[in-house]
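Student: The amino acid sequence is not available; the structure is as follows:
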């Protein structure tokens, strides 16, 4: 979960094929941090990191943004296999025609051999297991339309020996998660129409002593955006999106904070955090010459469920002094909602004003980037 230029990780977003993926990590902790990305690099064609002033073509970000696009083509059929002390995996590229293809991958992680050869070093770790499977389909639909489908599912579990105050016991944890994304794109002579739809479901469990935690999450996403190119120097884009997010916490906590042993009285703590978000945006870009480019955008919400109305805006200008030197000045006001987590279960609206000056030097053997923000 990226934290960019000092902003909290809850403020930045990861976008996969135009759809936000919240907490895009596995082997995660209750604080949202994880050890591994959900995405396999063989499927990634491009990744752009906006460390600040994220483009307002995407919403609900008040820190930075990571934009990931999956592959557009497969050169040839291929198979990859992997084997280690704790993992068996595969990856398959399969062409389905001149432009259509499918990519599939899966992993099975196990702990017996990994823990068995170093029992003293990992005495606290009793076992772990991960099973995941991903599918990426790229399918042309006639001359102008293209469909992209990305589906992923994962099941994780672990057992560790740990201690809280005077109680030492085995902690059990696990999570089931799946998300399914669809993008339909129509490419015209001077325009592009994108339609997005996605659903993300997860359920996680934790048990230690008399503590129990069960968290269920559901996210649904729909968007439409239309972009027009006016000659080679100007383009504009409009769009709207709906992002519905709900997380239910069903927990059992000890009535005596200093004792979490089995048999100690407990109390139930149930919380439901819901956040519908409906937004519209407009964005334009102008390139008067090869050395200069300017862009500006605005985004606003339609208040739902008693929400506060907000308006986000931004502007930027780039000056390419030469092939080696360039400057980027950008600034704006941004809004996002917190993603509810174990420690904070609300849907607070966050606002930030950003201003940044970036300098880039690309020489024959040297690259230098400097930012003041």
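Tutor: Sure thing, it's come through. From a predicted model like this one, the values you see are computed outputs, not experimental measurements. Residues are numbered from 1 along each chain as shown.

Student: now residue 290: how far from residue 21?
Tutor: According to CB to CB, to the nearest Å, residue 290 and residue 21 sit 35 Å apart. Any C-beta I mention is one placed from the backbone N, CA and C, and that applies to glycine too.

Student: Counting neighbours, go ahead and name the busier of these two.
Tutor: residue 21 (23 against 7; other CB atoms under 10 Å).

Student: so what's the more buried one closest to, chain neighbours aside?
Tutor: Nearest residue to residue 21, sequence neighbours excluded (CB to CB, 6 or more residues apart in numbering): residue 14, at 5.2 Å.

Student: For the one you found, grab the count of nearby residues.
Tutor: Neighbour tally, residue 14, other CB under 10 Å: 23.

Student: Residue numbering should commence at 3 henceforth.
Tutor: I'll keep to 3 as the first residue from here, and by that count the last item is residue 16.

Student: Give me the pLDDT for it.
Tutor: Residue-level confidence at residue 16 comes out at 95, pLDDT.

Student: The host helix or strand of it: partners in the sheet, and parallel or antiparallel?
Tutor: For residue 16, the host element (DSSP states H and E) is strand 15-18. Next to strand 15-18 in the sheet, as set by DSSP bridges, lie strand 21-22 (antiparallel), strand 67-72 (parallel).

Student: which residues sit against that strand?
Tutor: 3-4, 22-24, 26, 41, 56, 60, 62-63, 67-70, 72, 152, 183, 338 (CB atoms under 8 Å, 6 or more residues apart in numbering).

Student: Same check on stretch 270-280?
Tutor: Contacts for stretch 270-280 (CB under 8 Å, 6+ apart): 61-62, 242-255, 303-304, 306-307, 309, 339, 342, 347-349.

Student: can you pull the buried residues of it?
Tutor: Judged by neighbour count (16 or more other CB atoms under 10 Å), stretch 270-280 contains these buried residues: 275, 277-280.

Student: Residue 163 bridge partners, please.
Tutor: residue 172.

Student: ok, it to residue 122 distance?
Tutor: 14 Å.

Student: Could you do residue 269 as well?
Tutor: From residue 269 to residue 122 the distance is 39 Å (CB to CB).

Student: more crowded one of these two?
Tutor: Taking neighbours as other CB under 10 Å, residue 269 and residue 122 compare with residue 269 leading, 9 against 5.

Student: That one: helix or strand, and which one exactly?
Tutor: strand 268-288.

Student: about what we covered before: so which of the strands paired with strand 15-18 is the most packed in?
Tutor: strand 21-22 (a mean of 24; mean count of other CB atoms under 10 Å).

Student: Give me the distance from that one to the chain's centre.
Tutor: Offset of strand 21-22 from its chain centre (CA atoms, centre = their mean, to the nearest Å): 7 Å.

Student: Just the mean pLDDT for that strand, thanks.
Tutor: On average, strand 21-22 scores 96.

Student: Residue 3 and residue 13 touch, don't they?
Tutor: No - counting by CB atoms under 8 Å, residue 3 stays clear of residue 13, with 10.4 Å between them.

Student: These two: who's more crowded?
Tutor: residue 13 (22 against 19).

Student: nearest spatial neighbour of that one, skipping sequence neighbours?
Tutor: Nearest non-adjacent residue to residue 13 (CB to CB, 6+ apart): residue 65, at 3.2 Å.

Student: any low-confidence regions in this structure?
Tutor: 30-37 (pLDDT under 70).

Student: Can you show me the helices along it?
Tutor: For the chain, the helices defined by DSSP state H cover 114-118.

Student: and the residue located most distally from the centre of it, what does it touch?
Tutor: Among the C-alpha atoms of the chain, the one most distant from their mean position (CA atoms, centre = their mean) is that of residue 265, at 40.1 Å. By CB under 8 Å, 6+ apart, the contact set of residue 265 is residue 212.

Student: Distance check, it against residue 172.
Tutor: Applying CB to CB to residue 265 and residue 172 gives a distance of 16 Å.
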